[in-house]
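Peer 1: no sequence on this one, just coordinates:
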């Protein structure tokens, strides 16, 4: 690509000048695809090179450009990593991104020379570049978050005692960044608004059909009780006290009905449709509501539901203001059954239970796969993770443990006797080569195709769910179909996928994911062990006669590796699980995934100091997940308090 920017830089270099980085080399590196992998969530996240966010201001891009001096050999510029890696003069997992001898390379060389000759004072400033951003960038506030379907069900259960789970009838939620609660996808469609309205009407009716209404009506029904009802129910529904204007409006609405119960029901129906109920009070500019916002953050993080009375009272008394207070409250909350239910929702989304529960299999190849089998696969993973968390085990055993929780549906898959009790803990035989989540039927099945395994699917799942690395989709218009195996030329999946290595459009990404997938090829599309790869060719009819199917058995080569992780060669789920359990990248990913779920968004460079603090606490606890949960909510509250103080100090009236 001979862009105007690259030609301008060449001319500028010839004149002994250097154009600003953001207008010159930066567009070239973007066009080369470098930021796609070199970011905090890319497949090159473990390297020193992290591009700033796409929406970063110009001055930030300029500061980043000068920080690239870290990759420059100032005495021998031609030997710089910044030059040799993208031109593939030395091994580069991303392949050749800038062609040697091109105008783009000339622009890159010009910038490297500029960095190599940078004066000492500018060099010192460049080396202080912080990818986390400035204080102001770090203190950016959060956006409004709507209740998810699970949060809606849990909230009306705890608010009204309603067990009907009305949100199961709402429009399904989309997975974004691995979860269903990311605020980027929380739009309000007309269909969802109608669902909220209908649910509010039914919930209000159901609430007042019960004989004993003392859980709703706090005083003797009558005109004097209206305001008390509005204030007390409103504080529960909105998760904070009503202001005077809100109180007056709802009392007036109450009084519009002649019957006390009819008025109270109308108020409940109206409040359940209010944005103050449907959207979470995560952060607020109102100082009198900040403690209630903290209570709401804690409850929806740890319970996936509204605050209880004790948490609201703690907010009212100002007992959610210090890290020690937050930690004490969080530990109390984790003892509540609602914490277990909330963790189950997190695990179901993180491990994508939906994929297996909505999947099907080729009945000719996998006749024993059924809906019951799929449900059992999800339940095993849920129990497995729950056991690690609530029994305070090392959470990294999620990848290396030599056991699972098996019932009669899973026993044939694992080739073990059915246990006497459903989902009893069963140790896998050493020859099974299974370990942790990677050896369980859930992962091996949900990352496969209906008719066969998928090297790409399994490798991609490991990269994205267990290493937190985003792999970009294939370029538009690229044919992703592989040459099928034929009876005349039978091939294993590994042999077929070798086409990717010879295709320049495919190789860059597939070289990062396919070598992971090949290590699981001894396990078929339902997670059962196989020692050979069996191909079946159905002949159909010939000369009026039905031709019997023909099968071919091929030797499986499961030598895999994880590009970017040193000494990561493996041949089985067990070997890879042991590698991942010890890998800092995987350990950090466990923190990142929970951070994404709790905050409802992807982390940014500005979040990395928080994530590193939580990761250190996680490690110091010997990877106990409850300590990760407590550390995240404690440190997050401290940062929000710091941001509130910063905002207050910068908005004082002169």
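Peer 2: Yep, it's here. These numbers come from a predicted model, not from an experiment. Numbers count the residues shown, from 1 in each chain.

Peer 1: what's next to the helix or strand residue 515 falls within, contact-wise?
Peer 2: If you go by DSSP states H and E, residue 515 is part of helix 504-517. Contacting residues not belonging to helix 504-517 are listed as 33, 43, 93-95, 453-460, 462-463, 471-472, 474-475, 478, 497, 499-501, 560-564, 576 [C-beta atoms under 8 Å, 6 or more residues apart in numbering]. No exception for glycine: its C-beta is placed from N, CA and C like everyone else's.

Peer 1: 7 Å - rerun?
Peer 2: Defining contact as C-beta atoms under 7 Å, 6 or more residues apart in numbering, one finds that helix 504-517 is touched by 43, 93-95, 454-456, 458-460, 462-463, 471-472, 474-475, 478, 497, 500-501, 560-563.

Peer 1: Tell me where the stretch 1-150 of the chain has helices.
Peer 2: 4-14, 25-31, 34-37, 58-67, 81-84, 103-116, 120-127, 135-138, 149-160 (DSSP state H, counting those that start in this stretch).

Peer 1: And for the stretch 251-400 of the chain?
Peer 2: Remark: helices assigned in the stretch 251-400 of the chain by DSSP H, counting those that start in this stretch are 260-272, 275-278, 290-302, 309-316, 323-334, 337-350, 353-357, 371-390, 397-400.

Peer 1: Show residues contacting the helix or strand residue 575 falls within.
Peer 2: Assessed by DSSP H and E, residue 575 sits inside helix 573-582. By C-beta under 7 Å, 6+ apart, the list of residues contacting helix 573-582 from outside reads 396, 399-400, 433-436, 438-439, 466, 519-520, 565, 568, 570, 586.

Peer 1: need the next SSE after it, C-terminal direction.
Peer 2: Next along from helix 573-582, by DSSP H and E: helix 584-599.

Peer 1: just how off-centre is that following helix within its chain?
Peer 2: Per C-alpha atoms, centre = their mean, to the nearest Å, the displacement of helix 584-599 from the mean C-alpha position of its chain is 8 Å.

Peer 1: Who are the packing partners of the helix or strand following that helix?
Peer 2: Past helix 584-599, further along toward the C-terminus, the next helix or strand under DSSP H and E is helix 608-620. Other helices and strands packing on helix 608-620, by 3 or more C-beta pairs under 7 Å, 6 or more residues apart in numbering; DSSP states H and E, are helix 584-599, helix 625-649.

Peer 1: got the angle between helix 608-620 and helix 584-599?
Peer 2: If you take axes from the mean of the first three to the mean of the last three C-alpha atoms, to 10 degrees, helix 608-620 sits at 120 degrees to helix 584-599.

Peer 1: quick one: contacts of helix 608-620?
Peer 2: For helix 608-620, the surrounding residues in contact (C-beta under 7 Å, 6+ apart) are 40, 132, 587-588, 591-592, 595, 603, 627-628, 631-632, 635-636, 639.

Peer 1: tell me, how many neighbours does the closest residue in space to residue 269 that isn't next to it in sequence end up with?
Peer 2: Distance criterion C-beta to C-beta, 6 or more residues apart in numbering; nearest residue to residue 269, sequence neighbours excluded, is residue 204 at 3.8 Å. Close neighbours of residue 204, defined as other C-beta atoms under 10 Å, add up to 21.

Peer 1: same deal with the one 5 residues further on?
Peer 2: Number of residues near residue 209 (other C-beta under 10 Å) recorded here: 9.

Peer 1: residue contacts, the spatially most central residue of the chain?
Peer 2: By C-alpha atoms, centre = their mean, the mean C-alpha position of the chain lies nearest to residue 178, the distance being 4.0 Å. Shown in contact with residue 178 (C-beta under 7 Å, 6+ apart): 350, 464-465, 596.

Peer 1: low pLDDT regions in the stretch 451-600 of the chain?
Peer 2: Within the stretch 451-600 of the chain, the stretches with pLDDT under 70 are 475-481, 500-505, 507, 540-546.

Peer 1: Quick check on residue 307: phi, psi?
Peer 2: Main-chain dihedrals, residue 307, degrees, to the nearest 10: phi -70, psi 150.

Peer 1: what about the closest residue to residue 381 other than its chain neighbours, how many neighbours?
Peer 2: In this structure, residue 381 finds its nearest non-sequential neighbour in residue 442, 4.4 Å apart by C-beta to C-beta, 6+ apart. Number of residues near residue 442 (other C-beta under 10 Å) recorded here: 25.

Peer 1: what's the strand or helix carrying residue 442 packed up against?
Peer 2: Using DSSP H and E, residue 442 sits within helix 441-446. With contacts defined as 3+ C-beta pairs under 7 Å, 6+ apart, helix 441-446 has these neighbours: helix 353-357, helix 371-390.

Peer 1: Report the distance from the longest one to the chain centre.
Peer 2: A distance of 19 Å separates the C-alpha centroid of helix 371-390 from that of its chain, computed with C-alpha atoms, centre = their mean.

Peer 1: Now do that helix against helix 323-334, angle only.
Peer 2: Orientation check (the same axes, to 10 degrees): helix 371-390 against helix 323-334 gives 140 degrees.

Peer 1: Show residues contacting the helix holding residue 442.
Peer 2: Contacts of helix 441-446 with the rest of the structure, by C-beta under 7 Å, 6+ apart, involve 351-352, 355-356, 359, 377-378, 380-381, 410, 413, 437, 461, 520, 523, 525-527.

Peer 1: Roughly how far does residue 241 sit from residue 315?
Peer 2: Residue 241 sits 10 Å away from residue 315, taking C-beta to C-beta, to the nearest Å as the criterion.

Peer 1: which of those two has more neighbours?
Peer 2: Neighbour count, other C-beta under 10 Å: between residue 241 and residue 315, residue 315 has more, with 25 against 17.

Peer 1: related to what we said a few turns ago, rebuild the helices and strands packed on helix 441-446 as JSON lines, extending it with mean pLDDT.
Peer 2: Output for the helices and strands packed on helix 441-446, formatted as JSON lines (pLDDT from 0 to 100):
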{"stretch": "helix 353-357", "mean pLDDT": "97"}
{"stretch": "helix 371-390", "mean pLDDT": "98"}
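
Peer 1: For residue 284, which of these is the nearest?
Peer 2: Closest to residue 284 of these is helix 371-390 (C-beta to C-beta; 31.2 Å).

Peer 1: Got the domain ranges for this structure?
Peer 2: Following automatic domain parsing, one gets these domains for the chain: 4-131, 145-280, 348-582.

Peer 1: which one of the ones you listed lies closest to residue 334?
Peer 2: domain 348-582 (8.7 Å).

Peer 1: Figure out how far that closest one is from the centre of its chain.
Peer 2: Mean-position distance between domain 348-582 and its chain equals 21 Å (C-alpha atoms, centre = their mean).

Peer 1: returning to what we had before: so the helix holding residue 515 versus helix 573-582, what angle?
Peer 2: 100 degrees.

Peer 1: Which helix or strand lies directly C-terminal to helix 504-517?
Peer 2: Next helix or strand after helix 504-517 toward the C-terminus (DSSP H and E): strand 532-537.

Peer 1: Counting neighbours, what do you get for the residue nearest to residue 410 when sequence neighbours are not counted?
Peer 2: Spatial nearest neighbour of residue 410, excluding adjacent residues (C-beta to C-beta, 6+ apart): residue 376 at 5.1 Å. Residue 376: 24 surrounding residues under other C-beta under 10 Å.

Peer 1: If anything else comes up later, I'll come back, but that's it for now.
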